[in-house]
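S.K.: Predicted model and sequence follow; I will ask about them next.
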Amino acid sequence: MSFFHHAATAVASKGLSVALPLSAAGLYSATLIDELLEQLEHSPLPPRLLHLIIPADVIVKQAQTAAATLRKLRQRGCQVILSHVGRDLQLFNLLPPHIVDYLLLDSDLIANVHESLMDEMLTSIIQGHAQHLGIKTLAGR
């Protein structure tokens, strides 16, 4: 949580968004989540500028636990990015509505999307599901 002590004021004064990774273990830790929200509450950084990056497999492995925590974070104004979204489309069967703002596509999936018809089709399917759920997609390497 050193970010809130050392950088939050400067970042907030610039109006920049911040993306911080949160591991599965961190997401499942009620103590860590409560501490994060407390730090955010006393920080000059508006919650809407905090984007928490969560691995997509947390939804696949423990959907209910993850969903409850993600709902709590979003209710406080945080943005949620699910990272490493790729070939496991089961994610969309387990993803509750309104708990994720962005999907960050797996770099392995998009690396050859211009050459691989299969990767292009899968990316299109993911984009369609995301759009249907009101989730924005991001691609990065």
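M.R.: Thanks, I have it.
S.K.: Could you report the neighbour count for the spatially closest residue to Gly86 that is not a sequence neighbour?
M.R.: Spatial nearest neighbour of Gly86, excluding adjacent residues (C-beta to C-beta, 6 or more residues apart in numbering): Asp106 at 3.5 Å. C-beta here means a position set from N, CA and C on the backbone, and glycine is covered the same way. Asp106 sits with 19 neighbouring residues when counted by other C-beta atoms under 10 Å.
S.K.: Backbone dihedrals for Asp106, both of them.
M.R.: phi -60, psi 130 (degrees, to the nearest 10).
S.K.: and it, how far is that from Leu70?
M.R.: Here the distance between Asp106 and Leu70 works out to 19 Å (C-beta to C-beta, to the nearest Å).
S.K.: And for Val80?
M.R.: Taking C-beta to C-beta, one finds Val80 at 5 Å from Leu70.
S.K.: Please identify every residue contacting each of those two.
M.R.: Ile54, Ile99, Val100 (C-beta atoms under 8 Å, 6 or more residues apart in numbering).
S.K.: does the last one really touch Gly134, like I thought?
M.R.: Just to be clear, that refers to Val100. No. With contact defined as C-beta atoms under 8 Å, Val100 and Gly134 do not form a contacting pair (9.3 Å).
S.K.: follow-up on the earlier one: okay, Val80 and Leu70: which has more neighbours?
M.R.: Leu70 (26 against 21).
S.K.: Quick one: residues contacting the more buried one.
M.R.: Leu27, Ile54, Val80, Ile99, Val100.
S.K.: Which secondary structure state does it sit in?
M.R.: Following DSSP: H, G, I helix; E, B strand; the rest coil, the label given to Leu70 is helix.
S.K.: Tell me which stretches of the chain form helices.
M.R.: Chain-ordered helices for the chain, with DSSP state H as the definition, fall at 2-6, 8-14, 24-28, 30-41, 57-61, 63-75, 91-94, 107-110, 117-133.
S.K.: among those, which gets the worst mean confidence?
M.R.: Lowest mean pLDDT of the helices of the chain: helix 2-6, a mean of 79.
S.K.: Tell me how many other residues crowd the closest residue to Tyr28 other than its chain neighbours.
M.R.: Excluding the flanking residues, the one nearest Tyr28 by C-beta to C-beta, 6+ apart is Thr65, at 6.1 Å. Other residues near Thr65 come to 14 when the count uses other C-beta under 10 Å.
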